[in-house]
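Trainee: what follows is a predicted structure for the sequence shown.
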Amino acid sequence: MSFQPIQFSIPRHSVQQRFRTPKKNIPQTVEERNRLLHFIRNYVAEFNPVPPMPSEQLKEHADKVISLLGYDPVYREYIGVLINNEMWRESLAAVPFERRLLLLPKCLRVENKCPAPFDEFGLLCKQCGLCTIQDLQAEAEKLGYAVLVAEGSAIVMSLIQTGKIEAIVGVSCISVLERAFPYMEAAAIPGVAVPLLQDDCIDTTVDLDWVWEYIHLTSEDRTRRLDLGALRDEVEMAFTPPSLELLMGTATGETERIAREWLARAGKRWRPLLTVAACQAVLGTTGSEIPSDLLKLAIAVECFHKASLIHDDIEDGDAVRYGAKTLHEEHGLAVALNVGDLLIGEGYRLIGALKVSDAQKVRMLEVASHGQRVLCRGQGAELSWMRQPHPMPPVQVMDIFRQKTAPAFEVALKVGALYGGLEAYEEVEEVLKVYSDALGVAYQIRDDLTDLGVSGETNDIAGLRPSLLLAIAHERAKGEVRDLTAAIWNRQFPPGITPAHIEQLYIELKADERARTLLETYKEEAIRCLRDLENASLKGLLRRLVGKIFNETEIKGWCKEFEQKNLEASPESITLHSPLAATPPPVTAGT
């Protein structure tokens, strides 16, 4: 079935009403929001509320969730948003992209730099790259969406009346979402909404992972119901001592015992998770029990990773890993080296024992050995620098990051895809390479940033390792400050200068801000490379994994513009529309 392009004929909409929106009416951390979303998905699955739902019924469900969780009633609006989103989720997935509208707010732009003009339909993006509007619009239009960057209620009403829009993904503050909802409810239009993250109508931001998930939601993506948190827990269970013995065989001798103990130690398990998830996406078996053969492959990937950590700790002289002694500090240098070598051998042994074709095994072994070589070259570049230290530009530091960190992600994803089949792998091989490179650099930049301060597990300054923050600071410094950063690069701490002083220097030179910008740039690069990926399940999975790995969004409140207007206006002049108010009018946040 094909559809004609949507023709717009909509009058300019001007805002006439003012709204009072309470601040901090949603959970303040992403972890709290994720827990709440997980609960609501289970709630909707159990009680099966049917949309479209009037505001009073939505209020009843929101109050029930608040009662079950013991939450503050101030979260009622936000919970209503999540419930309504989940009710419409599968309906949205069934609507062709060509029949959907993505509605974005103009306040996502960088207002004082945005070159885009307005017409009667809203903002005409100039694709300048200063904000997220460009990426969201380009991706949605590529899929077939109609996209408008404008305030929504009158536009939504007019589009719904044309009969050419069958679903809407909206981004806005709750006050604007409230006004659009009655039209969508009356027309029984599937609609989901993503609230803005800040209490400001200028230069706002939004949870891009959430928007991406909704605009790509399609019945063809079999991973859309996949609970990555639950999958990660299932993968983690494979690294308990009984599971390792069952999957790897009984350990014989002290060396194997130490290796298994190290393998079972704390860790984020991102790499084995990537292996399992990539395989499930390629095969379309998401949500099913993980075969023991696939778990062996995931363990092999973790064997390679844990071996590299043992050797890395020795080469860097680190004494602590996972909040405890490193292996060489605990058992001595010779034992640690031998255990690391054993784990590499174990990884290859597990791959060789897989119940897949010989051709798949050969490609897996090629991928794993190539990753090992690239990682060693990256570590070698760092070791060469340590022998002859000198100031290093940021691009060189990030190249070391790419070689040291990206290969583990690339190996994990590629062997997982290969387990799903050679033909499927060859279609996604290049994308997985680009994605892994960007993901690896971003991951290491994030580590550099989280290592700052006394709470960091390691400190690159004290450890005298190449640091992106130091590279940026040296590049920006002048005069005596540049002499100081050069001395640090040369591993020569001047008297009285401590790591704390250097970290303060990072802040003064805004090196930390620049590093965070680079972090976002590489995360976006990982996302952009997925645009031409035709496997909907793998595409959706990889995008969600970026959000899962770098989930650090913080909610800051709501629209200051409306708050200020409310303060300036007399009480009699304010019209308050609450989606879950105890009295009419029946207007809801309407996701």
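Mentor: Noted; the coordinates are in hand.

Trainee: need the pLDDT of K539.
Mentor: With respect to pLDDT, K539 scores 84.

Trainee: which non-adjacent residue is nearest it?
Mentor: Nearest non-adjacent residue to K539, counting by Cβ to Cβ, 6 or more residues apart in numbering: L533, 4.3 Å away. C-beta: built from backbone N, CA, C; applies to glycine.

Trainee: tell me the SS of that neighbour?
Mentor: For L533, the secondary-structure state derived from DSSP: H, G, I helix; E, B strand; the rest coil is coil.

Trainee: to what extent is it buried, counted in neighbours?
Mentor: By other Cβ atoms under 10 Å, 19 other residues sit near L533.

Trainee: OK, contacts around it?
Mentor: Contacts for L533 (Cβ atoms under 8 Å, 6 or more residues apart in numbering) come out as 428, 431, 539, 542.

Trainee: again, only this time at 10 Å
Mentor: For L533, the contacting residues are 427-428, 430-432, 435, 539-540, 542-543, by Cβ atoms under 10 Å, 6 or more residues apart in numbering.

Trainee: again, but for A511
Mentor: Taking Cβ under 10 Å, 6+ apart, one finds 394, 467-477, 485, 502-503, 505 in contact with A511.

Trainee: hmm, 8 Å instead?
Mentor: Contacts of A511 by Cβ under 8 Å, 6+ apart are 469-470, 472-473, 476, 505.

Trainee: returning to what we had before: which two of the contacts of L533 have the greatest separation?
Mentor: E430 and G540 (18.6 Å; Cβ to Cβ).

Trainee: these two - which one has more neighbours?
Mentor: G540 (25 against 12).

Trainee: how close does that one get to V367?
Mentor: 23 Å (Cβ to Cβ, to the nearest Å).

Trainee: can you check E302 too?
Mentor: As judged by Cβ to Cβ, E302 and V367 stand 15 Å apart.

Trainee: more neighbours: which of these two?
Mentor: Neighbours per residue (other Cβ under 10 Å) separate E302 from V367, with E302 holding more: 26 against 23.

Trainee: for the helix or strand containing that one, give the mean pLDDT please.
Mentor: Element membership for E302 (DSSP states H and E) is helix 292-316. Averaged across helix 292-316, the pLDDT comes to 93.

Trainee: who are the neighbours of it, in terms of helices and strands?
Mentor: helix 241-248, helix 253-264, helix 270-283, helix 327-331, helix 333-352, helix 358-387, helix 394-420 (3 or more Cβ pairs under 8 Å, 6 or more residues apart in numbering; DSSP states H and E).

Trainee: D221 falls within a helix, correct?
Mentor: No: read with three-state DSSP, D221 is coil and lies in no helix.

Trainee: ok, which stretches of the protein are strands?
Mentor: Along the chain, the stretches classed as strands by DSSP state E are 100-104, 118-119, 122-123, 146-149, 167-172, 191-195, 320-321, 324-325.

Trainee: flag whichever of these has the least confidence on average.
Mentor: Mean pLDDT is lowest for strand 118-119 out of those, coming in at a mean of 54.

Trainee: so for the helix holding E302, what gets flagged as buried?
Mentor: 294-314, 316 (16 or more other Cβ atoms under 10 Å).

Trainee: swap in stretch 485-492?
Mentor: Neighbour-count burial for stretch 485-492 [16+ other Cβ under 10 Å]: 485, 488-489.

Trainee: kindly reformat the residues you listed as TSV containing distance to I40 and pLDDT.
Mentor: TSV is the format used below for the buried residues of stretch 485-492 (distance: Cβ to Cβ, whole Å; pLDDT from 0 to 100):
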residue	distance to I40	pLDDT
T485	49	88
I488	49	86
W489	50	87
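
Trainee: I472: neighbour count?
Mentor: Neighbours of I472 (other Cβ under 10 Å): 23.

Trainee: for it, what are its contacts?
Mentor: With Cβ under 8 Å, 6+ apart, I472 has these contacts: 394, 506, 509, 511, 514-515.

Trainee: turn the buried residues of stretch 485-492 into JSON lines, including distance to A150.
Mentor: Putting the buried residues of stretch 485-492 into JSON lines (distance: Cβ to Cβ, whole Å) gives the following:
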{"residue": "T485", "distance to A150": "47"}
{"residue": "I488", "distance to A150": "50"}
{"residue": "W489", "distance to A150": "50"}
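
Trainee: mind checking which of those are in helices?
Mentor: Among those, the residues falling in helices (DSSP state H) are 485, 488-489.

Trainee: give me the phi and psi for the residue nearest to K539.
Mentor: phi -80, psi 120 (degrees, to the nearest 10).

Trainee: distance of it from A424?
Mentor: In terms of Cβ to Cβ, L533 sits 12 Å off from A424.

Trainee: now do I502 against L449, distance only.
Mentor: Taking Cβ to Cβ, one finds I502 at 14 Å from L449.

Trainee: neighbour-wise, which of those two wins?
Mentor: Legend: neighbour count by other Cβ under 10 Å for I502 and L449, higher for I502 (23 against 18).

Trainee: the contacts of I472 into CSV, with extra columns for pLDDT and distance to M237?
Mentor: Listed next are the contacts of I472 as CSV, based on pLDDT from 0 to 100; distance: Cβ to Cβ, whole Å:
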residue, pLDDT, distance to M237
P394, 92, 40
Y506, 88, 40
L509, 91, 45
A511, 91, 41
R514, 92, 40
A515, 91, 35
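
Trainee: list buried residues within those residues.
Mentor: Among the contacts of I472, the ones that count as buried by 16+ other Cβ under 10 Å are 394, 506, 509, 511, 514-515.

Trainee: tell me which of those is nearest to L274?
Mentor: A515 (24.3 Å).

Trainee: is it true that the closest one touches L470?
Mentor: No: using Cβ atoms under 8 Å, A515 is not in contact with L470; the gap is 10.4 Å.

Trainee: what is in contact with these two at once?
Mentor: Here A515 and L470 share no contacting residue, scored by Cβ under 8 Å, 6+ apart.
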